[in-house]
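Novice: Give me a model of this one.
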Amino acid sequence: MDKKISSQKTANKCKREIEVAVDSSEVMKELEKILDHYAAKAKLPGFRPGKVPINLVKQRFYPEIKSSLIDSLVPKALSAELKAKNLNPLGIPIISDLHFEESQSLRFKAEFEVLPEFTLPEYKKIKVKDKPVYVTDQEIDQALEELCQRSAEYIPVESRGVVDGDYVVAEVKGMDLKSKRMLPAEKGVIHAGDSDNEEILNKNLLGLKPNEARNFTVDFNRNHKNKKLAGKKIEYNLKVISLKEKKLPEINDEFAKDIGEFKDLNDLKENIKKEILASKEKQVKKDMAEEIIKKIAEKLSIDQPEILVEQEQRIVLQRLLSSYPQKDAKEENLEQLKIEARRIAEQNLKNHFILTKIAEIEGLEVTDAEIHEEFKEIAKRNNLPLAKVIENVNKEGRREELRKSLQLKKTVDFLIRQAIIERQESSR
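Specialist: Just a heads-up that it's a prediction; the model follows:
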């Protein structure tokens, strides 16, 4: 826009309020253009299309003409002013106090938030402790046991009855002895002897063969956790449909060869050791990075845009709720979770601002070649074709998100390289 007057007020360090007044000559010029547009299309009784007098067009369609004028002038004026002041709003600016009268300037206010401006403290040569890592024989044995459990076979059994440890497909029917009402039949897999099962269920499963059934009665306590059963006397019919025995492989050289390209058991153990060691080293590196960023953050006070805090809070809250016991989801607990989610969100954003600022100062950019390497890693981790990974990322518009993520990782690596790392003695 060529002719406009503006002023800027700062409510706080992230909020901005811009007052813009578009010159009356610019307003009238735009008004004439819109009037001509309406006149060309106007249809009124007694007049041919396009021949309706301007004053009648204006009288008949004034609300629409005024709306079109505002919709045309406000975005242009605001965009030009933001560009002139080098301001980048977060979200859509809120327009308020809009004043328009013919032959006068068009005036309005725009409120929005921007990214915070701050000066970083010294972020190089920060002292952090490097925790020594090692792998114990017990950890290797535990990993081997987990591999063994995942390689277990489940063998159908018909010649004997159920014993603890079996996996049983069973059907359970129940009847309320007082009301004679049948409960819904339930069919599923039961791990015989499991501590999570009702003790009476484990007891009555034992010895039953496929297609055999057993009746038993349960007199439920009035305080039973299942309110639908509390205080009732239920007769159950338990029928075993099938059962399987869990068979674990023997941990030896053959086992190692079966689960991967390993020469023998020792080769597998060495591979396990390397993986555990790499995982621990990665965690130590993460801990060091968190300590460095924490020490930088402690020296900074950063005003944060409310729009970004609320977005991050929603993400954090969803994550907290997903791991929160449903039984504890009371209103007061949810309020506490919201408070905690906001605290975490503010810290996350503060760390993000710090890393972004350091990356900008140090010129830490991510190349297309580095993004391509990350595509390869994603493809490898998820056992997907490289082309499919690239297609998905581009289709979902996540390429720049990935670039930003890699930039932050590169910044973290930079901070660790610049830090003074104090080696700790092993307490092993």
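
Novice: Show me the chain divided up by domain.
Specialist: 4-113, 153-247, 281-423 (automatic domain parsing).

Novice: can you tell me the distance between the two ends of the last one?
Specialist: By Cα to Cα, to the nearest Å, the extent of domain 281-423 from end to end equals 14 Å.

Novice: The shortest one now?
Specialist: Its first and final residues considered, domain 153-247 spans 5 Å by Cα to Cα.

Novice: Quick check: which of the domains of the chain is nearest to Gln138?
Specialist: domain 281-423 (18.1 Å; Cβ to Cβ). (C-beta placed from N, C-alpha, C; glycine too.)

Novice: pLDDT averaged over the closest one, what's the number?
Specialist: Across domain 281-423, pLDDT averages out at 91.

Novice: Could you pull out the strands in the stretch 1-150 of the chain for me?
Specialist: Assignment of strands within the stretch 1-150 of the chain using DSSP state E, counting those that start in this stretch yields the ranges 4-9, 15-22, 90-99, 106-113, 127-130.

Novice: If we ignore the residues flanking it in sequence, what's nearest the residue nearest to the spatial centre of the chain?
Specialist: What sits nearest the mean C-alpha location of the chain, by Cα atoms, centre = their mean, is Ile315, with 5.3 Å. Distances taken as Cβ to Cβ, 6 or more residues apart in numbering put Ala345 closest to Ile315, at 7.6 Å, once the chain neighbours are dropped.

Novice: and what of Arg60?
Specialist: In space, and not counting its chain neighbours, Arg60 is closest to Leu44: 6.6 Å by Cβ to Cβ, 6+ apart.

Novice: Could you pull up the contacting residues of that neighbour?
Specialist: The contact partners of Leu44, by Cβ atoms under 8 Å, 6 or more residues apart in numbering, come to 52, 56, 60.

Novice: As JSON lines, those with distance to Lys227, neighbour count and pLDDT would be great.
Specialist: Listed next are the contacts of Leu44 as JSON lines, based on distance: Cβ to Cβ, whole Å; neighbours: other Cβ atoms under 10 Å; pLDDT from 0 to 100:
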{"residue": "Val52", "distance to Lys227": "74", "neighbour count": "21", "pLDDT": "75"}
{"residue": "Leu56", "distance to Lys227": "74", "neighbour count": "14", "pLDDT": "82"}
{"residue": "Arg60", "distance to Lys227": "68", "neighbour count": "14", "pLDDT": "81"}
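
Novice: helix, strand or coil for Tyr154?
Specialist: strand (DSSP: H, G, I helix; E, B strand; the rest coil).

Novice: neighbours around it, how many?
Specialist: 12 (other Cβ atoms under 10 Å).

Novice: The one 10 residues further on too?
Specialist: Asp164 sits with 11 neighbouring residues when counted by other Cβ under 10 Å.

Novice: ok, now which ones touch it?
Specialist: 192-193, 202, 206.

Novice: let's see 7 Å
Specialist: For Asp164, the contact set (Cβ atoms under 7 Å, 6 or more residues apart in numbering) comprises 192-193.

Novice: can you tell me the helix or strand for it?
Specialist: Asp164 belongs to no helix or strand when assigned by DSSP states H and E.

Novice: What's the separation between it and Asp194?
Specialist: Going from Asp164 to Asp194 by Cβ to Cβ, to the nearest Å gives 9 Å.

Novice: if I've got this straight, the residue nearest to Ile315 is in a helix?
Specialist: Yes: using three-state DSSP, the assignment for Ala345 is a helix.

Novice: if I read this right, it contacts Arg314, doesn't it?
Specialist: No: look at Ala345 against Arg314 with Cβ atoms under 7 Å: they stay out of range, at 8.4 Å.

Novice: ok so, going back, rank the strands of the stretch 1-150 of the chain by pLDDT, which is bottom?
Specialist: Here the lowest mean pLDDT among those goes to strand 4-9, at a mean of 49.

Novice: sorry, back to before: how about the contacts of Leu44 in JSON lines, adding distance to Arg181?
Specialist: Shown next, in JSON lines, are those (distance: Cβ to Cβ, whole Å):
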{"residue": "Val52", "distance to Arg181": "78"}
{"residue": "Leu56", "distance to Arg181": "78"}
{"residue": "Arg60", "distance to Arg181": "72"}
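
Novice: neighbouring contacts of stretch 82-92?
Specialist: So stretch 82-92 is contacted by 8, 16, 112-115, 305, 307-308 (Cβ under 7 Å, 6+ apart).

Novice: Go ahead and name everything in contact with stretch 257-277.
Specialist: Under Cβ under 7 Å, 6+ apart, the answer for stretch 257-277 is 133, 135, 139-140, 143-144, 147, 151, 251-253, 256.
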